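K.L.:
3D, please:
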Amino acid sequence: MKLSEARILFLARESLARLRDEGLAEIANFPLALRQARELVAEWNDKGDEIDALVRKKIGSIKRGIVEGSNEWTILFRRYRDEELRKRGLLR
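P.N.:
Sure, this is the predicted structure:
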């Protein structure tokens, strides 16, 4: 899923505000922290898109032709996505 710049900024701002408001982190320089958080959310979003495309290609290469949206397709998508996330160290 592709997130807009506005949505990325919103998620970064809300995450930092919640950490600060709940006393989980002291943020001395909010604009700097916001910039870094925005970069992290954008990077996470890009990795998700890359993994999504890789998994779709992998399912598409199965010879018997699995219809997108079917139960089998959904199960394979989750399985292959989790495998790829584990390979990249993003899932335990």
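
K.L.:
low pLDDT regions in this structure?
P.N.:
Counting by pLDDT under 70, the chain shows low-confidence ranges at 1.

K.L.:
how does it look with 80?
P.N.:
1, 90-92 (pLDDT under 80).

K.L.:
other SSEs contacting the helix of greatest length in the chain?
P.N.:
Counting residues, the longest helix found in the chain (DSSP state H) is helix 30-60. The contact analysis (3 or more Cβ pairs under 8 Å, 6 or more residues apart in numbering; DSSP states H and E) places helix 30-60 against helix 5-21, helix 71-87. Using the backbone N, CA and C atoms, a C-beta is placed for each residue, glycine as well.

K.L.:
for that helix, which positions count as buried?
P.N.:
For helix 30-60, the neighbour count (16 or more other Cβ atoms under 10 Å) marks 33-34, 37-38, 41-42, 45, 48, 51, 55, 59 as buried.

K.L.:
got it, and stretch 63-77?
P.N.:
So, applying 16+ other Cβ under 10 Å, buried residues of stretch 63-77: 66, 76-77.

K.L.:
closest one of these to Ala6?
P.N.:
Phe77 (27.9 Å; Cβ to Cβ).

K.L.:
assess the claim that that closest one and Ile59 are in contact.
P.N.:
Yes. Look at Phe77 against Ile59 with Cβ atoms under 8 Å: they come within range, at 6.4 Å.

K.L.:
list the contacts of Leu76.
P.N.:
Neighbouring residues of Leu76 by Cβ atoms under 8 Å, 6 or more residues apart in numbering: 59, 62, 66.

K.L.:
and Leu19, how many neighbours does it have?
P.N.:
Neighbour count for Leu19, taken as other Cβ atoms under 10 Å: 15.

K.L.:
not including adjacent chain positions, what is the nearest residue to it?
P.N.:
Using Cβ to Cβ, 6 or more residues apart in numbering and skipping the chain neighbours, the partner closest in space to Leu19 is Ala25 (4.2 Å).

K.L.:
number of residues surrounding the one you found?
P.N.:
Ala25, neighbours per other Cβ under 10 Å, totals 11.
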